[in-house]
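Chemist: requesting a structural model of the entry that follows:
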Amino acid sequence: MDESERLIALAALAEPEAAVEAWVTWRATNDIVEASAVLGWAGGYIHRNLVAAGRPDSYLGGIFRYNWLANNRKVLAVRDTLREIAGRWDTTLLKGFGMSDSGQSRGLRPIADLDFLVAERHVEAASGLLVTRGFEPLEHASASELANRIVPQRGSWNYRDSSGADLD
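Modeler: Now for the predicted structure:
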């Protein structure tokens, strides 16, 4: 991690006043056009910190709005499938997706995939449901490979549909 990324991380993770100082330093010493991809992932958190300190930045506000819109599109794309899964089996939403709500937290960072947990005994049936809903397992793993190799070794597997919606 270089100094630029360290300042971005500090602005995202520190208390609001320290975040403002880190962001002001970053802006004075870096060109946004050449920013690391870390800024795209951390920009929503920095935005939240700066707003809390009464020092909003319009560029960060744009990152936050972009993340919010993109993440909500992803949630809407899989909502009906997840409702069907949750209606059949106990389901727990995990990681960034599970921690988000319908409010402002979906703008904090991009959600790459939507992670959920079903009991191991339901993995094969849930996999079958995903396939019937138009999702394909990553690398086209078979049901047998999923049950006998992937779940015991890895515990999860991504499924994507033709729109690019990604469930894990």
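
Chemist: point to the helix or strand of this structure where mean pLDDT is at its lowest.
Modeler: Within the chain, no helix or strand scores below helix 95-99, which has a mean of 57 by mean pLDDT, DSSP states H and E.

Chemist: which element is encountered next along the chain beyond that one?
Modeler: strand 116-117 (DSSP states H and E).

Chemist: which elements pack onto that following strand?
Modeler: Counting contacts by 3 or more C-beta pairs under 8 Å, 6 or more residues apart in numbering; DSSP states H and E, strand 116-117 packs against strand 92-93. (C-beta placed from N, C-alpha, C; glycine too.)

Chemist: partner strands of the strand it packs on and their direction?
Modeler: strand 116-117 (antiparallel) (DSSP bridges).

Chemist: show residues contacting the partner strand.
Modeler: Contacts to strand 116-117, defined as C-beta atoms under 8 Å, 6 or more residues apart in numbering, come from residues 82, 85, 91-94, 97-98, 167-168.

Chemist: equivalent analysis for stretch 130-141, please.
Modeler: Under C-beta under 8 Å, 6+ apart, the answer for stretch 130-141 is 81, 84-85, 127, 146, 150, 157-162, 165, 167.

Chemist: going through those, which ones are buried?
Modeler: 81, 85, 127, 146, 150, 157-161, 165, 167 (16 or more other C-beta atoms under 10 Å).

Chemist: so what's residue 40 up against?
Modeler: Contact analysis of residue 40 by C-beta under 8 Å, 6+ apart lists 63, 110.
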